[in-house]
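3D model of this:
(one chain, ligands or ions: 1)
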Amino acid sequence: MAKKALVIIQDGVGDRPIESLGARTPLEAAQTPNFDKLADTGICGLMDPLSPGIRVGTDVGMLALFGYNPLRVYCGRGPIEAAGVNLEMGKDDVAFRANFATVTDDGSIVSRRAARIREGTGALAEALDKMTLSDGTQVMFRAATEHRAVLVLRGERLSHMVTPSDPGPDMAGEKVLEIQASLPQSAAAQRTARLATEFSRKAREILQNHPINQERKRNGLLPANYVLLRGAGVRRPMRSLAERFNTRGACVAGESTVKGIAKMTGFAVISDPAFTANLDTDIMKKAQAALNALKDFDIVMLHLKGPDIASHDNDPAAKSRFLEQVDTACGYIMAKALAHDNVVFALTGDHSTPCEVGEHTADPVPVLISGNGVLRDNVKNYGEHACSSGGLGRLTGNQFLLSVLDLIDVTYRFGS
Ligand SMILES: [Zn+2]
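Numbers count the residues shown, from 1 in each chain. As a prediction, the model looks like this:
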């Protein structure tokens, strides 16, 4: 019987010892009997998404976990987000990652995420979609998860070499940045900067007066009256995982960045409105979707955003609770899938997000692989400390995925 792999990716799972948890990490403090069972029967290690000491974003961490060298294929956040919302990019298009934000009349940022707006962004995006800019450049605009959105510019002589208007995290009170050509001698870059600025101004006028924002103000909520832009990029052709290895993959996810990477790498995307990419996501429904996908696909990625959300909110207790829920869901899949005895389980994350830092760091991520035919080491628990003495040692995200693919016999031999 053909072997299958289930890779559970817990976003931002890695952490540091926290005093209030008895100098344990949220993963170590959580009760995770199923993860521990996998650790006990499998092989563990620590993973650097790209290489030791390099902090990565979810996009880069996920590209590595999907088997790509981000240094070769990374094309900016914009095109990934565009793929995540099913926006087909032409070869001359430029895509931006966008945020709905709250900005004052003088350009000061009150909230970079419009207080994490979750309702009505579809209608706001529709109001900006299909705008035509002064030189005929076309605008495509789509809402993504929560406050996130995507802008694609379609026209002639565009360039992705432009700076962001978004000053970055924790910049409340800062001014919106002026979008400029990051390659000043490039006429295309200067032109694109002007067009992105024109879009931002027109978008602001439309959003200010939009009924959804009027209602938000009446209800005491911050209006989503501005679109912050960053991560400009162009489409870059990529060979799908199925072309590179004899394998078919599926990805169960709610977050549009992850869905975008899955699409770009040739994975089937399995999603549902109940997959919120937040702490309130329906974990058991995701587990069931992953279990179903194992029937039709060789490798199934199950992505959970919750741990990263709790970490950014500096909430280690919430992170532990979420990890416990994933452990329960993992136990459910183990009980059903192990009956066939042909599923290799892998636990990983796309990077570490320590709760006390509230941001991604370069701390390595605890990982494990367990299943029929997988070597065993002496590690008995899934946690940062325990995994540091595991048999996988220290490996990169790419090497981790290759190890999993090898265990399901879809890789090829180097040499004759
Ligand atoms: Zn992440």
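
C-alpha only now, for contacts and for neighbours.
Will do.

Please tell me I have it right and Lys91 contacts Arg235.
Yes - using Cα atoms under 8 Å, Lys91 is in contact with Arg235, at 6.1 Å.

more crowded one of those two?
Under the criterion of other Cα atoms under 10 Å, the comparison of Lys91 against Arg235 puts Arg235 first, with 23 against 11.

right, and that one touches Gly76 too?
No - in this structure, Arg235 is not within contact of Gly76 by Cα under 8 Å, at 9.1 Å.

Tell me which residue of the stretch 251-400 of the chain lies closest to the ion.
Of all residues in the stretch 251-400 of the chain, Asp350 sits closest to the ion, at 5.4 Å by Cα to the ion.

Can you tell me, leaving aside adjacent residues, what's nearest to that residue?
Gly61 (4.6 Å; Cα to Cα, 6 or more residues apart in numbering).

and the one you found, that's in a helix?
Yes - the assignment for Gly61 by DSSP: H, G, I helix; E, B strand; the rest coil puts it in a helix.

number of nearby residues for it?
26.

Verify the contact between it and Phe400 for me.
No - with contact defined as Cα under 8 Å, Gly61 does not reach Phe400; the gap is 11.9 Å.

residues contacting the residue in the stretch 101-250 of the chain that the ion sits nearest to?
Proximity of the stretch 101-250 of the chain to the ion (Cα to the ion) peaks at Thr145, 14.0 Å away. Thr145 is in contact with Arg118, Gly254, Glu255, Ser256, Thr276, Ala277, counting by Cα atoms under 8 Å, 6 or more residues apart in numbering.

Please identify the helix or strand for it.
Taking DSSP states H and E as the definition, one finds Thr145 inside no helix or strand.

Tell me the spacing between it and Leu241.
For Thr145, the distance to Leu241 equals 25 Å [Cα to Cα, to the nearest Å].

Next: Lys3.
Using Cα to Cα, Lys3 is found at 17 Å from Leu241.

residues in the chain within reach of the ion, list them.
Near the ion, the residues belonging to the chain are Asp11, Thr58 when assessed by Cα under 5 Å from the ion.

Mind giving me the packing neighbours of the one helix or strand in the chain whose mean pLDDT sits lowest?
Counting by mean pLDDT, DSSP states H and E, the chain has its least confident helix or strand at helix 241-244, which shows a mean of 86. Here helix 241-244 touches no other helix or strand, going by 3 or more Cα pairs under 8 Å, 6 or more residues apart in numbering; DSSP states H and E.

Give me the distance between that helix and the centre of its chain.
21 Å (Cα atoms, centre = their mean, to the nearest Å).

pLDDT score assigned to Leu338?
Each residue has a pLDDT score; the one for Leu338 is 67.

Alright, I will stop here.
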